[in-house]
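Please find the sequence and the predicted model below.
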Number of protein chains: 2
Amino acid sequence: MNPRPIGVFDSGMGGLTAVRQLRRLMPSEHIIYFGDTARVPYGNRSRETLLQYARQDMRFLRSFDLKAVLVACGTVSANCLEDLQADGGVPVTGVVEPAAARAAETTRTGRVGLIATRASVASGAYERAMSRIAPELKVTALACPLFVPLVEEGRCQPGDVVIETVAREYLAPLKEAGVDTLILGCTHYPLLQDVIGGIMGPGVQLIDVGGEAAAACRNLLAEQDALAGQGTGSICCYTSDRAANFARLASLFLGEDLAGRVEHVDIAQY
Amino acid sequence: MNPRPIGVFDSGMGGLTAVRQLRRLMPSEHIIYFGDTARVPYGNRSRETLLQYARQDMRFLRSFDLKAVLVACGTVSANCLEDLQADGGVPVTGVVEPAAARAAETTRTGRVGLIATRASVASGAYERAMSRIAPELKVTALACPLFVPLVEEGRCQPGDVVIETVAREYLAPLKEAGVDTLILGCTHYPLLQDVIGGIMGPGVQLIDVGGEAAAACRNLLAEQDALAGQGTGSICCYTSDRAANFARLASLFLGEDLAGRVEHVDIAQY
């Protein structure tokens, strides 16, 4: 048993969908979340800039006495996870490997789709992870750069012509490729599950990277006998832009109210 | 006569539409442009974060021996211009005052519209500027947070159902208010001129804040007898993310090729 907190970070709010899954799976854990809202979004940035930002995010989180870190940012997981793991000091779980393993288990046709930010797709990380697990899989990967701003502006309802048009365009090559499994490779995308599911049809399984990463994190802690035990967990949020703005939107992603549990951090100091 | 360069900065690429106007009006000037692409967009950030970023952008530009700075970011102009002017050392022109003056000159009905980022609208800067010039004007101000990502993904053509739907929704209250003059309060928006003009109709004058700021900058230099004279001007670009990514997109905003004239800057060091 280990009551120390789990650290989670993302470029902004999206990672709270992973926190939601962590809390569902492990309601006794204490969670420290950092959302880098002063520098969001990460998805179109270069690898050099991503690594600099991710290391600062890690340094801030490690100012707490953590037992594990979950990188709830698809872009950082895809581009910099090995660097963060090599920096050492705390076990670091990303969203790529768990989702790739689940996709390999799920697919029957061997045709898997991936949608993510431009930087995640450019990294090739999902393809590499799947080729290690099941080299015969055929992966079709596509960047969907407008999904994050559209979700953040609340345009995620089925029937909205804007999100439906953009999603139909983005997803057309995946329908053509005949994928039966689709990795939603960004923690914003669970909010688009109904829109994406409607377009892809009931024969296509959608994989939520945040949910898979939360399960992997639980397995890791269980193996090390480091779960928190029976108490009631908590969540503390930190943000690099204004705390008030963060709290207002966070409930959309987290599914619970955050009032009073958000503080500001000057991330450039880390 | 003064051959020293003019500095220009923006959160990203958008300010290059102002540089395009500077070069049209003053082809002999040397221009140093900084685009903060590692931290773009600025439009949803808090005033505190904006001021921190803007001061770093200024410190970088002032590492050159400049005769003037044009703040080609609507959000910084609306939120922090007076702070930057108070910091002293070089004359600083923003995009708010020149556009407000032009709008006051242009309107016949006294009903003026403003579209801009969330942070620009929240600042109330355009209303304050116009009430100083012509207190009888009625200003209707609206945030259009999806315009920047849509422009950056190239969705700016009339007839595109996505930009047309979003623009019609955003602009409906302005049509209802019966404005005859509309300030395009963000340097990305000139790329949406045809879409916005098509929706607002021929009776509404559109005001390009970058073009007005470029003219104000020229007038300021002319008054001080500080124009460059007759030679051929130049442009050097600096960016906080990868230079290659910047160069690829910049021509869309600038209207000329930038190849080989972009360098990387670590803005966090300033």
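Arrived safely, thanks for sending.

Can stretch A:163-172 be said to contact chain B?
Yes. Against chain B, stretch A:163-172 shows contacts by C-beta under 8 Å from any C-beta of the partner chain at A:165-166. (Glycine included, C-beta is placed from N, CA and C.)

Which positions in the stretch 101-250 of chain A make contact with chain B?
So far as C-beta under 8 Å from any C-beta goes, the stretch 101-250 of chain A lies against chain B at A:145-146, A:149-150, A:153, A:155, A:161-162, A:165-166, A:240-242, A:245.

So which of these wins on neighbours?
Using other C-beta atoms under 10 Å in any protein chain shown as the neighbour test, those are led by A:Ser240, with 28 neighbours.

close enough to count as contact, that one and A:Gly12?
No. Using C-beta atoms under 8 Å, A:Ser240 makes no contact with A:Gly12, being 9.4 Å away.

Give me the common contacts of the two.
Both A:Ser240 and A:Gly12 are contacted by A:35-37, under the criterion C-beta atoms under 8 Å, 6 or more residues apart in numbering or on different chains.

and these near chain B, which?
When contact is defined as C-beta under 8 Å from any C-beta, those meet chain B at A:Thr37.

Ranking by neighbours, what's the top pick from the shared contacts of A:Ser240 and A:Gly12?
With neighbours taken as other C-beta under 10 Å, the top of the shared contacts of A:Ser240 and A:Gly12 is A:Gly35, carrying 30 neighbours.

which residues does A:Cys237 bridge with?
As for beta bridges, A:Cys237 partners with A:Tyr33, A:Val262 under DSSP bridges.

Leaving out sequence neighbours, find the closest residue to the residue in the stretch 51-200 of chain A that chain B sits nearest to.
Closest residue of the stretch 51-200 of chain A to chain B, C-beta to the nearest C-beta: A:Pro149 (4.0 Å). Distance criterion C-beta to C-beta, 6 or more residues apart in numbering or on different chains; nearest residue to A:Pro149, sequence neighbours excluded, is B:Pro149 at 4.0 Å.

Assumed the one you found was part of a strand.
No. Assignment of B:Pro149 by DSSP: H, G, I helix; E, B strand; the rest coil gives helix, placing it outside any strand.

OK, contacts around it?
For B:Pro149, the contact set (C-beta under 8 Å, 6+ apart) comprises A:145-146, A:149, B:41.

so of those, which ones are in strands?
Residues of the contacts of B:Pro149 located in strands (DSSP state E): none.

Now, those residues that are in helices?
Those of these mapping onto helices are A:Pro149, per DSSP state H.

any chance of the contacts of B:Pro149 in CSV, with pLDDT too?
Converted to CSV, the contacts of B:Pro149 look like this (pLDDT from 0 to 100):
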residue, pLDDT
A:Pro145, 95
A:Leu146, 97
A:Pro149, 93
B:Pro41, 91
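
Which residue ranges of the stretch 151-270 of chain A form strands?
All strands of the stretch 151-270 of chain A, identified by DSSP state E, counting those that start in this stretch, fall at A:181-184, A:205-208, A:234-239, A:262-264.

Tell me which of those strands sits most buried.
Comparing these by mean neighbour count (mean count of other C-beta atoms under 10 Å in any protein chain shown), strand A:181-184 ranks first with a mean of 26.

Contact partners for the closest residue to A:Leu16 other than its chain neighbours?
Spatially, and ignoring its direct neighbours in sequence, A:Leu16 is nearest to A:Phe253 (3.7 Å; C-beta to C-beta, 6+ apart). Shown in contact with A:Phe253 (C-beta under 8 Å, 6+ apart): A:13-17, A:20, A:191.

Roughly how far does A:Phe253 sit from A:Gln21?
Here A:Phe253 is placed at a distance of 11 Å from A:Gln21 (C-beta to C-beta, to the nearest Å).

Show me the domain layout of chain A.
Domains of chain A are assigned by automatic domain parsing as A:6-94+A:211-269, A:96-209.
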